[in-house]
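Visitor: coordinates for the following, if possible.
(one chain, ligands or ions: 1)
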Amino acid sequence: MKAIETINLSYTYADGTKALQNINFTVQQGENIALLGPNGAGKSTLLHHFNGLLMPTSGKVYVLEKEVTKKNIDEIRQKVGLVFQDPDDQLFARTVSQDIAFGPTNLGLSRSEIEERVKWAIEVTELQGLENKAPQNLSTGQKKRAAIAGVLAMKPEIIILDEPMANLDPRTASKILKLLLQFNKELGLTLIIATHDVDLVPLFADEICILSKGQIVTQGPPQEVFAKTDLIRSMDLRLPRITHLFEILSKRNQLLTNKQFPLTIGEARRQILELIETNSKH
Ligand code: ADP
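Guide: Down below sits the predicted model:
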């Protein structure tokens, strides 16, 4: 089943900015996708089409194989949770608990079901003790977690995150990512994450899609996309640091040239140990 599909999607803002041009993009259910691209590439504009926040100027958007129209927006928003880039755009209730309860309340769930979901979302995002705090008084990391908790409480099938790691300390960023990956594995949740953090991308992405000037410039598995080093650099992106290190070392040592460069510390560790073990046998 396709989670998201766009067909010839174009979007022009009221001031004439052509933010998206002929986007054909597909995500399968249960897949994790990283959306990369320089600032102004159209990432947020694209993501906002996936839950009907924006409607195409031309072309079509399908969610779980159903076309997004003005009529079915409520149904679409139950299935697709969007975590905004800026949590201040998302959090508005008087307390953290009330904010998290907002979505489930709108779904018309029973009081006990709402309470259960709020409790669960608070637990998994580790917001215990902050339930009665005003969202505006939380730290940036806490606000992000509260925004994610609100989306999780809706139990959507697809979660879209716009720069979820920005302004987070590394420990919180890695915790949030682990949590989302756990939901992907256990519940088959589909994740679409726009990010600049290329070091984190290989840790979660099955596919990378690079957007530039409102168009898709490449899409494929991380190994394939990060092998296009010139393209990556021309997009104001960079390789994961560990991959860059291997790229530099390969220029000095033949043993590394024939290998696929690792994208994560784990892969690098395996390759280094393999090389050491092979060498020590000779
Ligand atoms: P990204 O998320 O990749 O940084 P955006 O989707 O925010 O890119 O922006 C894509 C393009 O659309 C940019 O040129 C941006 O200036 C423009 N844009 C974004 N929002 C608006 C708006 N509300 N009105 C007019 N232009 C906009």
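Visitor: tell me what whatever residue of the stretch 51-200 of the chain ends up closest to the ligand is bridged to.
Guide: Proximity of the stretch 51-200 of the chain to the ligand (CB to the nearest ligand atom) peaks at Ala194, 6.6 Å away. Placement of C-beta: from N, CA and C, glycine included. Ala194 has the following beta-bridge partners by DSSP bridges: Leu35, Asp162.
Visitor: ok now do the residue nearest to the spatial centre of the chain, which residues does it touch?
Guide: Against the mean C-alpha coordinate of the chain, by CA atoms, centre = their mean, the closest residue is Ile193 at 1.2 Å. Applying CB atoms under 8 Å, 6 or more residues apart in numbering, we find Ile193 in contact with Asn32, Ile33, Ala34, Leu35, Ile160, Leu161, Pro164, Phe204, Ala205.
Visitor: quick check: the residue of the stretch 51-200 of the chain closest to the ligand vs Gly108, distance?
Guide: The gap separating Ala194 from Gly108 is 31 Å, by CB to CB, to the nearest Å.
Visitor: and what of Gly40?
Guide: Shown here: Gly40 relative to Gly108, a distance of 39 Å by CB to CB.
Visitor: more neighbours, the two?
Guide: When Gly40 and Gly108 are compared for neighbours, Gly40 comes out ahead with 13 against 8, by other CB atoms under 10 Å.
Visitor: any idea how many residues pack against Lys71?
Guide: Lys71 has 9 nearby residues by other CB under 10 Å.
Visitor: A helix includes it, no?
Guide: No: using DSSP: H, G, I helix; E, B strand; the rest coil, the assignment for Lys71 is coil, not a helix.
Visitor: got the end-to-end distance for stretch 121-137?
Guide: This stretch, stretch 121-137, spans 19 Å end to end (CA to CA, to the nearest Å).
Visitor: buried set for it?
Guide: Neighbour counts over stretch 121-137 (16 or more other CB atoms under 10 Å) mark Ala121, Ile122, Val124, Thr125, Leu127, Leu130, Lys133, Pro135 as buried.
Visitor: next: stretch 239-246.
Guide: So, applying 16+ other CB under 10 Å, buried residues of stretch 239-246: Leu239, Pro240, Ile242, Thr243, Phe246.
Visitor: what's the closest non-adjacent residue to the last one?
Guide: The reference is to Phe246. Nearest non-adjacent residue to Phe246, counting by CB to CB, 6 or more residues apart in numbering: Phe261, 4.4 Å away.
Visitor: that neighbour against Ile248, yeah?
Guide: No: when contacts are counted by CB atoms under 8 Å, Phe261 is not listed as touching Ile248 (10.3 Å).
Visitor: the more surrounded of those two?
Guide: Comparing Phe261 with Ile248 by neighbour count (other CB under 10 Å), the higher total belongs to Phe261, at 23 against 10.
Visitor: which residues are in contact with that one?
Guide: Phe226, Ala227, Leu239, Thr243, Phe246, Glu247, Ser250.
Visitor: if anything else comes up later, I'll come back, but that's it for now.
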